[in-house]
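Trainee: 3D model of this:
(2 chains)
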There are 2 protein chains.
Amino acid sequence: MTIQNVGQNKVAGGWHKQYTHHSYTLGCNMRFAIFLPKTASNTHSVPVLYWLSGLTCTDENFMQKAGAFKKANELGIAIVACDTSPRGDGVADADQYDLGKGAGFYVDATKQPWSQHYQMYSYVSQELPQLVEKHFPVSRVKSIAGHSMGGHGALVIGLNNPEQFVSISAFSPISNPIKSPWGKKALTEYLGSDIETWKMYDACELLQSKSFDLPILVDQGDADEFLMEQLKPEQLLKAASSKNSKLELRMQHGYDHSYFFISSFIEEHLEFHYKHMSQAS
Amino acid sequence: MTIQNVGQNKVAGGWHKQYTHHSYTLGCNMRFAIFLPKTASNTHSVPVLYWLSGLTCTDENFMQKAGAFKKANELGIAIVACDTSPRGDGVADADQYDLGKGAGFYVDATKQPWSQHYQMYSYVSQELPQLVEKHFPVSRVKSIAGHSMGGHGALVIGLNNPEQFVSISAFSPISNPIKSPWGKKALTEYLGSDIETWKMYDACELLQSKSFDLPILVDQGDADEFLMEQLKPEQLLKAASSKNSKLELRMQHGYDHSYFFISSFIEEHLEFHYKHMSQAS
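Mentor: Residues are numbered from 1 along each chain as shown, chains lettered A, B, ... in the order given. The predicted structure is shown next:
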């Protein structure tokens, strides 16, 4: 589990750093980025927020556009952003933005040609935290957040691993992928046609199955072009309410699906995670 | 002087909007972006900060990466970001990142093939403010800022038009282009070999020529790879000091030439401009 530093920039008093490593889970080389606040040191470990991005993104979109670092530095939170799929010449791909590279959907694929490399669920929930905890001055206190496909990823990885994370947040998540065109397409390709196998990757199905103690914050713009067809946050709220899970859905008036939306509320998400990280420390 | 809206996003309580228009100065179609704070309305005009970007950029780099909107909305400042050169199929270009499209250097070119369209000095100092003041709820109170090539642009446009702007700021500006490789190459191409014609586009030459009342703030990272060869901020400070002009140069330890640096200090630049805008209102 070695890593190679491929870039670093001082930002907001802390450091943004990029690394590559060979992923044993994905069977390819991957890049990820970490923001380390000024307070992180060998004698002071900090909690980590894992950020999962949406379709077509890499580790760079959030790091360059979200405007999260001033607040993260102030609160003393590290942020890790990974890629959205396996990468490289030998990795299966499709000539479509919503399948293959850039569109891993945070699942462990079971069908050919995807199953060889598309194991993003295990990568994010297991290998990546192990790697980060081995190489950086971070504590084991973790939260998870994401946007769109990554909001879906944050919800399903958080809900399936509630002992690992202290809080979940999402911007514009694909809340009910088994009923959205993006989700149906990707889950059919990666998992096959048996809908039973999709359910562990559907936040609504998970929230309907039992009550969760994990606090969840979801922000959704009401001017989001994907709201009705792809995202369905009202189903998420309904599922959480049915079992009294602690999900807050905030509809944000006038906001769309872009990073302009994320940058408008990311500081509030960091405050939300900080509160729960502090209680867990 | 008509404009066409081509995009808009709510952000931080205000609006980011993109427009195209035909520029009579440049003889081509151009795109620019404006951030309007929540307080801007037909009954309340707001001051404007003009932002000039660096080599290879468009109106989008600053708007997506600088993280300026929360503070700009709070202070009630509009921000306009334009492109870095004329654009379009009929516009002369070079197969180099530091000449031609994306590299207008904010000069009025006098040499072929550039002189037909490369009139960015006049575009930024005259046409663009006229257009913005015609179409948006802004006052005539203006400041100007930029990064790298755009820091150079902000300095020379501000210093040549001190009656138009109340303050200037720059990140990592090309401070003394007549003595830097980037500057010498571009000025030779756009203006010819007579160095006398370059001097109105060199901030050090302008600051050596007389005393300016205009307050100037410059931030420069000391880990900037272009610092010694291309940027030369120490020459800027020397020139300003020689005539008692009000220039503050802040060397920022560990920061590089990227938007990570800009995003770390943009709020302080907005506070700086706001102070002088308020005194002028």
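
Trainee: what does stretch A:221-235 contact?
Mentor: Here stretch A:221-235 makes contact (CB atoms under 8 Å, 6 or more residues apart in numbering or on different chains) with A:148, A:172-176, A:179-183, A:204, A:218, A:220, A:249, A:251-257, A:261, B:10. (Glycine included, C-beta is placed from N, CA and C.)

Trainee: start to end distance for that stretch?
Mentor: Chord length of stretch A:221-235, first to last residue, is 15 Å (CA to CA, to the nearest Å).

Trainee: So which bits of it are buried?
Mentor: Going by neighbour count (16 or more other CB atoms under 10 Å in any protein chain shown), the buried part of stretch A:221-235 is A:Gly221, A:Asp224, A:Phe226, A:Leu227, A:Gln230, A:Leu231, A:Lys232, A:Pro233, A:Gln235.

Trainee: Spell out which residues of the stretch 101-250 of chain A are next to chain B.
Mentor: A:Gly221, A:Ala223 (CB under 8 Å from any CB of the partner chain).

Trainee: So the residue of the stretch 101-250 of chain A found nearest chain B: helix, strand or coil?
Mentor: The minimum distance from the stretch 101-250 of chain A to chain B, using CB to the nearest CB, falls at A:Ala223 (6.9 Å). Under DSSP: H, G, I helix; E, B strand; the rest coil, A:Ala223 falls in the coil class.

Trainee: contacts for the longest helix seen in chain A?
Mentor: In chain A, taking DSSP state H as the definition, the longest helix is helix A:259-280. Contacts with helix A:259-280, where a contact means CB under 8 Å, 6+ apart, come from A:47, A:49, A:61-62, A:65-68, A:70-72, A:75, A:77, A:141, A:143, A:145, A:147, A:166-167, A:169, A:171-172, A:215, A:217, A:219, A:221, A:224, A:252, A:255, B:9-13, B:16, B:64, B:67, B:69-70.

Trainee: Give me the mean pLDDT for that helix.
Mentor: In this model, helix A:259-280 has a mean pLDDT of 97.

Trainee: again with stretch A:28-37
Mentor: The model assigns stretch A:28-37 a mean pLDDT of 98.

Trainee: re the thing from before, just give the number of residues close to the residue nearest to the residue of the stretch 101-250 of chain A closest to chain B when sequence neighbours are not counted.
Mentor: Nearest residue to A:Ala223 in three dimensions, chain neighbours excluded: A:Asp256, at 5.0 Å (CB to CB, 6 or more residues apart in numbering or on different chains). Applying other CB atoms under 10 Å in any protein chain shown, we find 21 residues neighbouring A:Asp256.

Trainee: shouldn't A:Asp256 be in contact with B:Asn9?
Mentor: Yes - shown here, A:Asp256 and B:Asn9 form a contact pair, counting by CB atoms under 8 Å, at 5.6 Å.

Trainee: Let me know the closest of the buried residues of stretch A:221-235 to A:His152.
Mentor: Nearest to A:His152 among the buried residues of stretch A:221-235, counting by CB to CB, is A:Leu231 at 9.2 Å.

Trainee: Look at the nearest residue to A:Pro86 once chain neighbours are set aside and tell me its secondary structure.
Mentor: In space, and not counting its chain neighbours, A:Pro86 is closest to A:His117: 3.9 Å by CB to CB, 6+ apart. Following three-state DSSP, the label given to A:His117 is coil.

Trainee: count of neighbours near A:His117?
Mentor: 24.

Trainee: Name all residues that make contact with it.
Mentor: A:Leu26, A:Gly27, A:Cys28, A:Pro86, A:Gly90, A:Val91, A:Ala92.

Trainee: Identify the bridge partners of A:His21.
Mentor: Counting by DSSP bridges, A:His21 is bridged to A:Met30.

Trainee: quick one, what contacts it?
Mentor: A:Met1, A:Thr2, A:Ile3, A:Gln4, A:Asn29, A:Met30, A:Phe32, A:Leu131.

Trainee: Where do the helices of the stretch 51-200 of chain A begin and end?
Mentor: Along the stretch 51-200 of chain A, the stretches classed as helices by DSSP state H, counting those that start in this stretch are A:60-65, A:69-75, A:120-122, A:128-135, A:149-160, A:181-191.

Trainee: Arrange the ones you listed in JSON lines, one row each, with mean pLDDT and mean neighbour count as further columns.
Mentor: Below are those laid out as JSON lines (pLDDT from 0 to 100; neighbours: other CB atoms under 10 Å in any protein chain shown):
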{"stretch": "helix A:60-65", "mean pLDDT": "98", "mean neighbour count": "22"}
{"stretch": "helix A:69-75", "mean pLDDT": "98", "mean neighbour count": "21"}
{"stretch": "helix A:120-122", "mean pLDDT": "98", "mean neighbour count": "22"}
{"stretch": "helix A:128-135", "mean pLDDT": "98", "mean neighbour count": "17"}
{"stretch": "helix A:149-160", "mean pLDDT": "98", "mean neighbour count": "28"}
{"stretch": "helix A:181-191", "mean pLDDT": "98", "mean neighbour count": "20"}
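
Trainee: So for B:Asp194, which of these sits nearest?
Mentor: helix A:60-65 (41.1 Å).

Trainee: what about the closest one and chain B, any contact?
Mentor: Yes - Helix A:60-65 reaches chain B (CB under 8 Å from any CB) through A:Gln64, A:Lys65.

Trainee: Which strands or helices does that helix pack on?
Mentor: When contacts are defined as 3 or more CB pairs under 8 Å, 6 or more residues apart in numbering or on different chains; DSSP states H and E, helix A:60-65 sits against strand A:28-36, strand A:78-82, helix A:259-280, helix B:60-65.

Trainee: Name the residue most distant from the centre of chain A?
Mentor: The outermost residue of chain A relative to its centre, with distances by CA atoms, centre = their mean, is A:Thr43 at 28.1 Å.

Trainee: Spell out which residues sit in contact with it, please.
Mentor: Taking CB under 8 Å, 6+ apart, one finds nothing in contact with A:Thr43.

Trainee: Distance of it relative to chain B?
Mentor: A:Thr43 is 20 Å from chain B, where distance means CB to the nearest CB, to the nearest Å.

Trainee: and A:Ser211, what are its phi and psi?
Mentor: Backbone torsions of A:Ser211, given as degrees, to the nearest 10, read phi -90, psi 140.

Trainee: Please name the nearest non-neighbouring residue to it.
Mentor: A:Lys243 (4.3 Å).

Trainee: residue contacts, that neighbour?
Mentor: A:Leu207, A:Gln208, A:Ser209, A:Lys210, A:Ser211, A:Phe212.
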